[in-house]
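Engineer: sequence unknown, structure follows:
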């Protein structure tokens, strides 16, 4: 514990700073602020020896274990009843947006030669739920921290841009308030970014955006399970170590969803879990952001940026089509 404490304290303190930034600038989601702060800290040469030395054990625990616990608690935000209320057309089109973005981004990433698990991780972040999905998928397939760095940087950049770009397109595209909320929920990456973008259109738009977004979040479990099954098959063929069929944190996430759906939990339990979940993810995403070296973006050249921007346009375009169908 003595080895872990310095890194955990730094990550927790940074999450507090990110929260203060969010209070000062409410349009900036807390988790986006946490990732961005981590990225900034990771670029400071004077801090790198500490990040790679005494702070490293605690930061790694924050980026991995605390992230998984936060994802489990994220399940308590989801109710199958709320999702069912969207209707089968909205649910079907939302699932289609996730699948098409996921497959399309992986295909483009591989075609452009992104290394290792990067195509998979970029696809997870853009199609499902941002940096949290990248961390979850990375943990499931045992991706290295370096492989997660570029996808996290890309999804943070594009998700932040979406907060400004989508509202500017709202009226030119002729969308009603509720349609705008649907578009934001289906096309923006992180839950906090969805809230920041959709709230300008009113409470009805925000409510629709959140439910549609959480429907995408629910896709995290099956997408991880399917990916792990494919990875296990490949590892058998390569005679390497096999990942678990269903990672424990994914099972916990599903259990939390079912608990919130079928058990009438007190409001104080849900509110408390939401606070803890947000705090854990803020700590974890700061630690994940601090592992990013922007020089690695340059090492993949234009390829990673093209994949990220194309995936962003793809998910936004498909989401717009889903709104029109709905």
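Structural biologist: Yep, that arrived. The structure displayed is predicted, hence computed values, not measured ones. Residues are numbered from 1 along each chain as shown.
Engineer: tell me which residues touch the closest residue to residue 15 other than its chain neighbours, please.
Structural biologist: In space, and not counting its chain neighbours, residue 15 is closest to residue 282: 3.8 Å by Cβ to Cβ, 6 or more residues apart in numbering. No exception for glycine: its C-beta is placed from N, CA and C like everyone else's. Residues in contact with residue 282 (Cβ atoms under 8 Å, 6 or more residues apart in numbering) are 15, 18-19, 30-31, 34.
Engineer: can I get those residues in CSV including neighbour count, distance to residue 7 and pLDDT?
Structural biologist: As requested, the contacts of residue 282 are exported to CSV (neighbours: other Cβ atoms under 10 Å; distance: Cβ to Cβ, whole Å; pLDDT from 0 to 100):
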residue, neighbour count, distance to residue 7, pLDDT
15, 28, 13, 95
18, 26, 16, 94
19, 16, 19, 95
30, 24, 20, 89
31, 27, 19, 86
34, 33, 15, 91
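Engineer: format those residues as JSON lines; extra columns: secondary structure and distance to residue 91.
Structural biologist: What follows is these, written out as JSON lines (DSSP: H, G, I helix; E, B strand; the rest coil; distance: Cβ to Cβ, whole Å):
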{"residue": "15", "secondary structure": "helix", "distance to residue 91": "34"}
{"residue": "18", "secondary structure": "helix", "distance to residue 91": "33"}
{"residue": "19", "secondary structure": "helix", "distance to residue 91": "33"}
{"residue": "30", "secondary structure": "helix", "distance to residue 91": "28"}
{"residue": "31", "secondary structure": "helix", "distance to residue 91": "25"}
{"residue": "34", "secondary structure": "helix", "distance to residue 91": "31"}
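Engineer: what is the nearest of the residues you listed to residue 160?
Structural biologist: residue 31 (11.1 Å; Cβ to Cβ).
Engineer: give me the most central residue, this structure.
Structural biologist: Relative to the mean C-alpha position of the chain, the nearest C-alpha, by Cα atoms, centre = their mean, is the one of residue 130, at 2.4 Å.
Engineer: distance check, that one against residue 29.
Structural biologist: Separation of residue 130 from residue 29 (Cβ to Cβ, to the nearest Å) stands at 10 Å.
Engineer: could you do residue 255 as well?
Structural biologist: In this view, residue 255 and residue 29 are 27 Å apart by Cβ to Cβ.
Engineer: between those two, who's got more neighbours?
Structural biologist: Each of residue 255 and residue 29 has its neighbours counted (other Cβ atoms under 10 Å); residue 29 has more, 25 against 13.
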